[in-house]
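> Based on what follows, work out the 3D shape:
(one chain, ligands or ions: 1)
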Amino acid sequence: MKNVISLSVFLLFGLSGCAQSASNPVENKIASSADGPINKIVKTENEWKKLLTPEQYYVLRQQGTEAAFTGEYYDHKGKGVYICAACGNELFSSDTKFRSGTGWPSFYQPVSEINVGIESDKSFGMVRTEVHCARCDGHLGHIFEDGPQPTGLRYCINSVSLKFKELKD
Ligand code: FE
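Numbering: from 1, shown residues only. Next up, the predicted model:
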């Protein structure tokens, strides 16, 4: 009986704690995985500068955004997986890519919640949910709630943060 009571108390406070800590509505729907079981890659900014092109460095390391309709992948069709341009972590499957009309590659879910991390972004007077590679922390884009089912989410990703790995049948 004692155990049952402790469990109930834990569930009550544990769950209410979760509900209170999530202030951003998009984040309520996504299991955060920033501290998931993934081998982190940590480099100095100088090391990243040497590894990445100036465009990749601007987006991935300085939270930049490429201009709409200019990236390599917004209208890209092909069967495969989109990986992180900085570290090769698998991020999005072509099966979850959809035409959003925004000019940025858009997906309704990542390959795995473990492979991406999310954070509140309050820049430019907006509250948005930033999404980054969970392995190298490279900035990918933002998540919005106007995506298609089954998730209703739109992962709006910079092409420059991605590389495409084609799957051949
Ligand atoms: Fe990465």
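> Please give me every residue in contact with the most centrally placed residue in the chain.
Nearest residue to the geometric centre of the chain (Cα atoms, centre = their mean): Val131, 3.3 Å. Neighbour list for Val131: 110, 116-118, 140-143, 155, 157 [criterion: Cβ atoms under 8 Å, 6 or more residues apart in numbering]. C-betas here are computed from N, CA, C, even on glycine.
> Show only the entries of these found in strands.
Of the positions in the contacts of Val131, 116-118, 140-143, 155, 157 sit in strands, assigned by DSSP state E.
> which two in the residues you listed are spaced the farthest apart?
Within the ones in strands among the contacts of Val131, Gly117 and Ile157 form the most distant pair, 13.8 Å apart (Cβ to Cβ).
> If you count surrounding residues, which of the two has more?
Ile157 (29 against 21; other Cβ atoms under 10 Å).
> Show me the shaky parts of the chain.
1-37 (pLDDT under 70).
> Packing partners of the helix or strand encompassing Phe164?
Assigned by DSSP states H and E, Phe164 belongs to strand 162-166. Under the contact criterion of 3 or more Cβ pairs under 8 Å, 6 or more residues apart in numbering; DSSP states H and E, strand 162-166 touches strand 80-84, strand 90-93.
> Adding distance to the ion, write the ones you listed out as CSV.
Converted to CSV, those look like this (distance: least, Cβ to the ion, whole Å):
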stretch, distance to the ion
strand 80-84, 3
strand 90-93, 8
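> will you turn those strands into CSV that also has mean neighbour count?
Below are those laid out as CSV (neighbours: other Cβ atoms under 10 Å):
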stretch, mean neighbour count
strand 80-84, 20
strand 90-93, 22
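> What residues of the strand holding Phe164 count as buried?
162-164 (16 or more other Cβ atoms under 10 Å).
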